[in-house]
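Undergrad: Quick one, structure for this:
(chains A and B)
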Amino acid sequence: MEENNLQCSSVVDGNFEEVPREMAIQFKPPLYRQRYQFVKNLVDQHEPKKVADLGCGDTSLLRLLKVNPCIELLVGVDINEDKLRWRGDSLAPFLGDFLKPRDLNLTITLYHGSVVERDSRLLGFDLITCIELIEHLDSGDLARFPEVVFGYLSPSMIVISTPNSEFNPLFPSVTLRDSDHKFEWTRMEFQTWALYVANRYDYSVEFTGVGEPPAGAENVGYCTQIGIFRKNGGKATESCLSEQHDQHVYKAVFTTSYPSLQQERFFKLVLVNEVSQQVESLRVSHLPRRKEQAGEQGDKPKDIGGSKAPVPCFGPVFTEVEKAKIENSPTPFCVGDKFFVPLQRLLAYPKLNRLCANEEMMRSVIADSIPLSSDGSAVVADLRNYFDEQFEF
Amino acid sequence: MKHVKDSKTGSEGTVVQLLANHFRVICRPQWVAYKYNVDYKPDIEDGNLRTILLDQHRRKFGERHIFDGNSLLLSRPLKERRVEWLSTTKDKNIVKITVEFSKELTPTSPDCLRYYNILFRRTFKLLDFEQVGRNYYTKKKAIQLYRHGTSLEIWLGYVTSILQYENSITLCADVSHKLLRIETAYDFIKRTSAQAQTGNIREEVTNKLIGSIVLTKYNNKTYRVDDIDWKQNPEDTFNKSDGSKITYIDYYRQQHKEIVTVKKQPLLVSQGRWKKGLMGTQREPILLIPQLCHMTGLTDEIRKDYSIMKELAKHTRLSPRRRHHTLKEFTNTLQDNKKVRELLQLWDLKFDTNFLSVPGRVLKNANIMQGRRMVKANSQGDWSREIRELPLLNAMPLHSWLILYSRSSHREAMSLKGHLQSVTAPMGITMKPAEMIEVDGDANSYIDTLRKYTRPTLQMVICILPNDDKRRYDSIKRYLCTKCPIPSQCVVKKTLEKVQARTIVTKIAQQMNCKMGGALWKVETDVQRTMFVGIDCFHDIVNRQKSIAGFVASTNAELTKWYSQCVIQKTGEELVKELEICLKAALDVWCKNESSMPHSVIVYRDGVGDGQLQALLDHEAKKMSTYLKTISPNNFTLAFIVVKKRINTRFFLKHGSDFQNPPPGTVIDVELTRNEWYDFFIVSQSVQDGTVTPTHYNVIYDTIGLSPDTVQRLTYCLCHMYYNLPGIIRVPAPCHYAHKLAYLVGQSIHQEPNRSLSTRLFYL
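TA: Purely as a prediction, here's the structure:
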């Protein structure tokens, strides 16, 4: 659907060599990035769970959106299958995604298909974006487009962007911005179309754009015009979804799912890590101070940097409420050379509390990884471990 | 090399049939591929972008192509020899791509191998593996471990390479493991400062963190921590590319949706990846937020924790049987996967799923002479039991020596003294009582005391240290290797507390004897008047600009005396100039020990990659041979052998339905050697658990005319001569001595040791 040089839409194909660079209008950041940023801001603001990008091209927008914690399903559709297949890799989770799993699951799927075909897997979305898409549709497809996207898919929100032809005279010798464009609309043309569609499928629409015109030419409007469509009456309800027949016409080219705290393996990894860190930190602070003991330090403390640098203190800063909660929880204690940290105490720390709702849950997850007291109410550690001795003088 | 023109294979030893982790690549010989050079204007550096830009013209060259960033391999030629295509970057810049025909390639041409490797990397992607560095890991098979305040996960993966060997192209596949650490650099700083013992927490944290590699999730990149900036914190601002100011917190939130919750944390400084080509160019350091950086690798705590290391070893050190099984599974997956088959079929490539069968020969173990007895290594390549209580070959008397001990280790010092007395007698070491001196325990107290007590006749200093604090150890070693050159032996108190103290003290006594110039045993080599040289390099972790080369040469016919010198050089600099000086000094010492000069020099060179072979030949080997000619124009001969320890080739010995490690002394010099080289593998050491790694030897220069049997036997003999271990080691002893020397200098001393120590193995 989108040609490769779509992002270069302010220059006509083939004519670039005759255009001195200074004369072409340069957007900063580049226009395509402004469009993506626009969508990203919209996602930040509305926190949709399911997002689809129709005409996703090289999947740049998807890559930008995948870091958004609210999104759980991200779908890209494009008619150019090759491009989808080879771009898939860059959407797969990185190593770091395993080290710091997301809170919520995320699945990313790329489909090969046309936006004027109906596929039930795109039903029930919160946001569907069509960035620089409609101008690539011929009149037949353009006529079918609203019926599929607004009528059939009927997401809560639709974003459509398209070139504003009123801006074109500012470019040197431009008729259409891309050779594959079937048309480019004035604001009036786009808005007329948009209002008609919105009215027909019960959406409300709001117009804006990106790519500010240069000083003196404000009257031409944004370089890219954007319509934000909101469904009147809110979300597609689940019940009306189930009535739909399964219709799978798109071909899934790539799919990947991200590690998240909703998956047992990663939840355990993170929770155990957090618990053992907290226990370790409590354990160390429980040890008697060693400084004063006989002068067998490895090295006398040197005063580097002249003045006595204040001892840096690292650690989370708690609010008064959090502090009170921690102080009111059972305190760690020692029996012999064993150090006990009650699970209730651990649950009082905000970070752990956020991960784990109750003691029972914590116990069941960590039980086979961290030693617990016989009644299972506390984590047990050796008060002194081998590593302390490395330092004990 | 003329003398191996007809045959570079030996015949000594018992033949055994082995399997190697290599799989034959089968390709149709009549097939031709077309190589095109691809050029970008303006030049694009980013490899990914180069691919994306070229991809815009995919229709013009089709699915059957392999692109390596610079050249394109096609199965069918383009219509024209030279074409120009225009591509557009996202920033609407036009890039001109020139694709020009370079040459036709046959499937076995070395050029093709690079493309096969690229193609093979694609198959990993099809199999849904995660690429980390050069290796690929499966996310599905993970093992989780928890210890020391952090969670670890181990991924199973593979490392593969396709290369042309003697008779065939093979795919070498080995198992690799990736360790994932959940801990962030912030967690690490927090924990380290809580555990800090000295008054200077910042210094302690900095020392521990520098050199670590951290991974940032948001861009999937790794950085080396070069420093910590304690003055800055995440609320500070920096200039964005458009000139506007932004705080680190805001930047990461806006750009990557990464929330920095802790404001009180310093920033990490990374100088970026160090590249040879970029030497001298000024680069902006990269500042990182500790909370967003994940630590990689193992911590010192974990390394020292016996139980977790054992647990890790259980998962990562695969026995020959498990390794064989895992690799078999892998090749079966390759075979069964339809997508992989299709991809390889595009190029008419197939893999043999059977392990390559290779004959090996097991050499006899060398005869070891200690005292008047001759012993042999047992089947585990070890003779510690056999020589226990035997007199040493050359025992040095101990007349004048000190024992320094920290206040808390009085008891251990006394016990050491007592044990030494009793263990040295059977060794043949005569000993006068040591002077016992108590010190406070900090680094300065040792050095101040040494300053008072050292005198010219002093032979040896023993320091009993309260713990293994590196700074104390370093400063004692630095003092005793440079300012006041006396052989020294440091022992941590804890070592002496152990039950097997007697065994440990025996080892200490042996080590001390070597450090003073004594000898423990000798090995029959059957060669006369030959000097053996070992060279290895160490790259300084603190000061990356420097690398340290250790040079160790035998200085008597029996190979019991060694000359050691180290050369500190800037990274990237050739070793050439100093080699001559080292060699001259070693020959001078030889002349003091022996009545006649050696005829030949055999150099074992470790620490170089395959890419540097030509440079070694052109510089080091050439310089040495030219120098030897100046001494004795006609009859000085030289052999230069490159030693490689880190290789992925493994050999398995089939034993019924089970697989075992080949026994020590197994030589492989067929099939997996290279056509253009004079090379061979030796499995010399024996391992308790896991699969043994063979060592690869490549004779790159030889005017001695060493036959394959001779060079193999000599090399194996030299693996019996490392005095710190009564057993066979992985590499020839001079190589390992050179490594130990370079390591001590690089890790602790940071300057050249005093030359007066050079005739003793003071660094053991």
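
Undergrad: So residue B:458: helix, strand or coil?
TA: Put simply, residue B:458 is coil when judged by DSSP: H, G, I helix; E, B strand; the rest coil.

Undergrad: residues contacting it?
TA: Residues near residue B:458 by Cβ atoms under 8 Å, 6 or more residues apart in numbering or on different chains: B:400, B:401, B:402, B:486. Any C-beta I mention is one placed from the backbone N, CA and C, and that applies to glycine too.

Undergrad: Go through those residues and flag which are in strands.
TA: Counting by DSSP state E, those place B:401, B:402 in strands.

Undergrad: Could you provide the contacts of residue B:458 in a markdown table, with additional columns for pLDDT and neighbour count?
TA: Formatted as a markdown table, the contacts of residue B:458 follow (pLDDT from 0 to 100; neighbours: other Cβ atoms under 10 Å in any protein chain shown):
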| residue | pLDDT | neighbour count |
| --- | --- | --- |
| B:400 | 93 | 14 |
| B:401 | 93 | 22 |
| B:402 | 93 | 20 |
| B:486 | 94 | 23 |
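
Undergrad: so which of the contacts of residue B:458 comes closest to residue B:742?
TA: Each of the contacts of residue B:458 was scored against residue B:742 by Cβ to Cβ, and residue B:486 proved nearest at 21.0 Å.

Undergrad: Contacts only, for the closest one.
TA: With Cβ under 8 Å, 6+ apart, residue B:486 has these contacts: B:454, B:458, B:459, B:460, B:461, B:480.

Undergrad: Specify the beta-bridge partners of residue B:403.
TA: In this entry, residue B:403 is beta-bridged to residue B:436, residue B:462, by DSSP bridges.

Undergrad: is it true that it touches residue B:416?
TA: Yes: if you go by Cβ atoms under 8 Å, residue B:403 and residue B:416 touch, sitting 7.0 Å apart.

Undergrad: rewinding a little: mind picking the one among the contacts of residue B:486 that's closest to residue B:408?
TA: Set against residue B:408, the nearest of the contacts of residue B:486 by Cβ to Cβ is residue B:461 (19.2 Å).

Undergrad: What residues does that closest one make contact with?
TA: B:401, B:402, B:404, B:450, B:454, B:480, B:486, B:487, B:488, B:489.

Undergrad: Next one: it from residue B:536, what distance?
TA: In this view, residue B:461 and residue B:536 are 27 Å apart by Cβ to Cβ, to the nearest Å.

Undergrad: and if you look at residue A:118?
TA: 68 Å.

Undergrad: Which of those two has more residues huddled nearby?
TA: The residue with more neighbours, out of residue A:118 and residue B:536, is residue B:536; 27 against 20, by other Cβ atoms under 10 Å in any protein chain shown.

Undergrad: Which secondary structure element is home to the more buried one?
TA: According to DSSP states H and E, residue B:536 maps onto strand B:530-539.

Undergrad: May I see the buried residues of that strand?
TA: Under the neighbour-count criterion of 16 or more other Cβ atoms under 10 Å in any protein chain shown, strand B:530-539 has B:530, B:531, B:532, B:533, B:534, B:535, B:536, B:537, B:538 buried.

Undergrad: about what we covered before: out of the contacts of residue B:461, who's nearest chain A?
TA: residue B:404 (13.1 Å; Cβ to the nearest Cβ).

Undergrad: In this structure the closest one contacts residue B:462, no?
TA: Yes: contact criterion Cβ under 8 Å: residue B:404 and residue B:462 qualify, at 7.0 Å.

Undergrad: With neighbour numbers in mind, choose between those two.
TA: Remark: of residue B:404 and residue B:462, residue B:404 carries more neighbours, 26 against 21, as counted by other Cβ under 10 Å.

Undergrad: excluding its backbone neighbours, what's nearest that one?
TA: With sequence-adjacent residues excluded and distances taken as Cβ to Cβ, 6 or more residues apart in numbering or on different chains, residue B:404 is closest to residue B:463, at 4.8 Å.

Undergrad: Show me the helices in chain A, by range?
TA: A:31-46, A:60-65, A:81-87, A:95-99, A:139-146, A:187-200, A:238-242, A:264-286, A:320-327, A:343-348, A:350-355, A:359-366, A:386-389 (DSSP state H).

Undergrad: What separation is there between residue B:237 and residue B:248?
TA: Residue B:237 is 8 Å from residue B:248, by Cβ to Cβ.

Undergrad: Residue B:358: what's it in contact with?
TA: Residue B:358 neighbours (Cβ under 8 Å, 6+ apart): B:17, B:18, B:19, B:20, B:651, B:668, B:670, B:671, B:672.

Undergrad: same thing but at 6 Å, please
TA: Residue B:358 makes contacts with B:18, B:20, B:668, B:671, as judged by Cβ atoms under 6 Å, 6 or more residues apart in numbering or on different chains.

Undergrad: neighbours around the residue nearest to the second one when sequence neighbours are not counted, how many?
TA: Translated: residue B:20. Closest residue to residue B:20 apart from its sequence neighbours, by Cβ to Cβ, 6+ apart: residue B:356 at 4.7 Å. Counted with other Cβ under 10 Å, the neighbours of residue B:356 add up to 21.

Undergrad: gap between the strand holding residue B:536 and the chain center?
TA: Between the centre of strand B:530-539 and the centre of its chain there are 15 Å (Cα atoms, centre = their mean, to the nearest Å).

Undergrad: Check stretch A:215-229 too.
TA: 28 Å.

Undergrad: same question, stretch B:443-453
TA: 35 Å.

Undergrad: Which of the residues in that stretch are classified as buried?
TA: Result for stretch B:443-453 [16+ other Cβ under 10 Å]: buried residues B:443, B:445, B:446, B:447, B:449, B:450.

Undergrad: Let's see that stretch as CSV, backbone CA atoms only.
TA: Output of stretch B:443-453 as CSV, limited to C-alpha atoms (Å, rounded to 0.1, in the frame of the first residue of the first chain):
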residue,chain,number,x,y,z
ALA,B,443,48.7,-2.8,52.7
ASN,B,444,51.1,-0.2,54.1
SER,B,445,51.9,-2.2,57.2
TYR,B,446,53.3,-5.0,55.0
ILE,B,447,55.3,-2.7,52.8
ASP,B,448,56.7,-0.6,55.7
THR,B,449,57.8,-3.8,57.3
LEU,B,450,59.4,-5.1,54.2
ARG,B,451,61.2,-1.9,53.7
LYS,B,452,62.8,-2.4,57.1
TYR,B,453,63.7,-6.0,56.8
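
Undergrad: That stretch vs chain A: in contact?
TA: Yes: for stretch B:443-453 and chain A, the contact criterion (Cβ under 6 Å from any Cβ of the partner chain) is met by residue B:443.

Undergrad: now what about that stretch, what contacts it?
TA: Counting by Cβ under 6 Å, 6+ apart, A:299, B:402, B:404, B:437, B:439, B:463, B:472, B:475, B:476, B:479 sit against stretch B:443-453.
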